[in-house]
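[1] Just to be clear, the model below is a prediction. Sequence and coordinates:
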There are 2 protein chains.
Amino acid sequence: MSDKSHPPDHGLDRAVGFVPPGLDSLVLDSNSQFSVTDRVHRALRCAIIDVQLAPGAPISENSVCRQFSVSRSPVRSAIQRLAEEGLVEVSPQRGSFVAPLHLEQLHDSHFVRRTLELALLRETAAIWTPAMGETMRALLAKQERLLLERDADAFLEEDHVFHRTLAGLSQREGVWPAIETAKTSMTRFHRYWAQMDRLADVLAEHSMVIDALERGDSAAAEAALAAHLDMVFVILDGIPKEQRRLMPF
Amino acid sequence: MSDKSHPPDHGLDRAVGFVPPGLDSLVLDSNSQFSVTDRVHRALRCAIIDVQLAPGAPISENSVCRQFSVSRSPVRSAIQRLAEEGLVEVSPQRGSFVAPLHLEQLHDSHFVRRTLELALLRETAAIWTPAMGETMRALLAKQERLLLERDADAFLEEDHVFHRTLAGLSQREGVWPAIETAKTSMTRFHRYWAQMDRLADVLAEHSMVIDALERGDSAAAEAALAAHLDMVFVILDGIPKEQRRLMPF
DNA sequence: GTGTGGATACTTGTATACTAGTCTTTTCGT
DNA sequence: ACGAAAAGACTAGTATACAAGTATCCACAC
């Protein structure tokens, strides 16, 4: 995106400071309001979720040091954070690697997300107010605009906001972090296995949930959200067997 | 519990290497199979969950260094891990502190746990086999023995095993970590607000769940588990208002 | 008495050197 | 030619020194 041209390989790069593919073209935002650790963490996290850093790719602490021109301490901290988040696996004295995306783990993560979001929706339906309807309608309108503009990235971002906002209406703020944790690996998968043609369906399904809520039909809302979220299972199970072997799952 | 007598303050302790209360009497298991980071992490984690380290208590990196006679690097790593787990809050240039137990957060955490365990139980009920029954019966027997021996700590440990095993039967192994995360803060609370007289009830409630499963009555099993888990809400809401203010919540 | 400034003693954040383990590659003996 | 051992180039783990921000306390001016 920024430094597009790979520097020519003089055979000396390794001695001077070789940066593996996937790590190059990564930059730290210079906002020094945050600590170096925070910025490295964010940069790597985005790269992993965007699949710029492929599952299984090695992340040597020293490589990251060289890339960002910082010492190992903050890099190490950042990588440890990523390890806690399940985005990186570190094996002592061997190396750190971007966590693979196991299909079964994706199933279970999405099960967690689905279960929790449905439970929160039930709570929300019980306390639904017209003001909530307006809030969600505004989000739907934004999604519709982005759909017309064919801005898939922004749409996916708004999808995230939609689910977070809907969950937040339940007055159980403390539940969202658990959902987000479960959602992260699925976001990685989405970047990997993009399905552009589904965006319109997604918007329609979102609308059905809100429609049902505004009608006061709790059961229909739950069914609509369940159907929406279950599409992920359909997609996961639709991956051909031979492709599964090729994938870094 | 162990070193009850605080050493007299000679005014020199601070210069030599003062170790704050709660941190003294903590030792590292000498099993060098694990890294120093792992051992420090485990020691602090246990201390926090057992409420040896009270909510809000300061955890200075240097204090821990002195206590365990190790350098700051592994201590720092351990504390960062705890911060990721939500057991410690670190504010830069100010200090690190044992995370407080907010009542609302406890509510939400337990909501997550309850929701997920119930969802898994439904899955388990659908694939129930006699072998599973034997497994769970064995655990119930162990609980009964510990109840007779009045070994509360061991009983609570077995309670944990019971729920983990039951959840594991669902063939969704990946869900348990999410439950455990949510369960952790509640475990801290249990240590703080011990209710010895409930142990017998707990065993009875566990039995009801297994009984229903063995009868093949899925709905009854869910209801029994829900009732069991909802007792936590009853306990939480039963805390007198004036006590809430005194507690470090 | 009161408020302000600064010295001081903390805290965590960062940089760097060194340790120890793993994997590859090379070299030497058979 | 082939196999085993050793040398080297990696890796993450640990120890230590220093930088930079924060809170406290005390002296001092008003």
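    Yep, that arrived.

[2] What strand or helix carries the residue nearest to A:E84 when sequence neighbours are not counted?
    Leaving aside its sequence neighbours, A:E84 sits nearest to B:E84 (CB to CB, 6 or more residues apart in numbering or on different chains; 3.9 Å). For glycine as for every other residue, the C-beta is placed from the backbone atoms N, C-alpha and C. Using DSSP states H and E, the element containing B:E84 is helix B:72-85.

[3] residues contacting the residue nearest to the spatial centre of chain A?
    In chain A, the centroid-proximal residue (CA atoms, centre = their mean) is A:T187; its distance is 3.1 Å. By CB atoms under 8 Å, 6 or more residues apart in numbering or on different chains, the contact list for A:T187 reads A:49, A:156, A:160.

[4] Could I get the phi/psi values of it?
    Main-chain torsions, A:T187, degrees, to the nearest 10: phi -60, psi -40.

[5] Run a quick neighbour tally on the residue nearest to A:E84.
    Neighbour count of B:E84, defined by other CB atoms under 10 Å in any protein chain shown: 15.

[6] Would you agree it is in contact with A:E85?
    Yes - using CB atoms under 8 Å, B:E84 is in contact with A:E85, at 7.4 Å.

[7] got the domain boundaries for chain A?
    Chain A breaks down by automatic domain parsing into domains covering A:13-98, A:103-246.

[8] worst average pLDDT in these?
    Out of the domains of chain A, domain A:13-98 stands lowest, with a mean of 87 (criterion: mean pLDDT).

[9] Thought A:F155 was touching A:L146, still the case?
    Yes - counting by CB under 8 Å, A:L146 does reach A:F155; the two are 4.4 Å apart.

[10] Any figure for the gap between the residue in chain A positioned nearest to DNA strand D and A:V98?
    The minimum distance from chain A to DNA strand D, using CB to the nearest atom of the strand, falls at A:S60 (3.1 Å). Distance, A:S60 to A:V98, using CB to CB, to the nearest Å: 12 Å.

[11] same deal with A:E134?
    Counting by CB to CB, the gap from A:E134 to A:V98 is 41 Å.

[12] likewise A:S69?
    Going from A:S69 to A:V98 by CB to CB gives 22 Å.

[13] Name the residue in these two with the higher neighbour count.
    The residue with more neighbours, out of A:S69 and A:V98, is A:V98; 24 against 8, by other CB under 10 Å.

[14] give me the beta-bridge partners of that one?
    A:V88 (DSSP bridges).

[15] per-residue confidence at A:P8?
    pLDDT, A:P8: 33.

[16] neighbours of the residue lying closest to the residue of chain A closest to DNA strand D once chain neighbours are set aside, just the number please.
    Spatial nearest neighbour of A:S60, excluding adjacent residues (CB to CB, 6+ apart): A:G95 at 6.3 Å. Counted by other CB under 10 Å, the residues lying close to A:G95 total 12.

[17] OK, contacts around A:G95?
    Counted by CB under 8 Å, 6+ apart, A:G95 has contacts A:58-60.

[18] Between those residues, which sits nearest chain B?
    A:I59 (16.8 Å; CB to the nearest CB).

[19] got the contact list for the closest one?
    A:23, A:44, A:53, A:79, A:88, A:95-98.

[20] Going through those residues, which ones are buried?
    Buried by 16 or more other CB atoms under 10 Å in any protein chain shown: A:23, A:44, A:53, A:79, A:88, A:96-98, out of the contacts of A:I59.

[21] filter those residues down to the ones near DNA strand D?
    Counting by CB under 7 Å from any atom of the strand, A:S96 from these sit close to DNA strand D.

[22] wait, which of the buried ones among the contacts of A:I59 is closest to chain B?
    Closest approach to chain B among the buried ones among the contacts of A:I59 (CB to the nearest CB): A:I79, at 10.7 Å.

[23] Assess the claim that that closest one and A:V88 are in contact.
    Yes - with contacts counted by CB under 8 Å, A:I79 reaches A:V88, the gap being 5.9 Å.

[24] how near is A:T37 to B:P74?
    Counting by CB to CB, the gap from A:T37 to B:P74 is 17 Å.

[25] Any buried residues in the lengthiest helix in chain A, and which?
    Assignment by DSSP state H gives helix A:103-126 as the longest helix of chain A. Buried residues in helix A:103-126, defined by neighbour count with 16+ other CB under 10 Å: A:105-122, A:124-125.

[26] sorry, back to before: now do the shared contacts for B:E84 and A:E85.
    With CB under 8 Å, 6+ apart, B:E84 and A:E85 have no common neighbours.

[27] quick one: A:S109 and A:V232, what's the gap?
    On the measure of CB to CB, A:S109 and A:V232 end up 10 Å apart.
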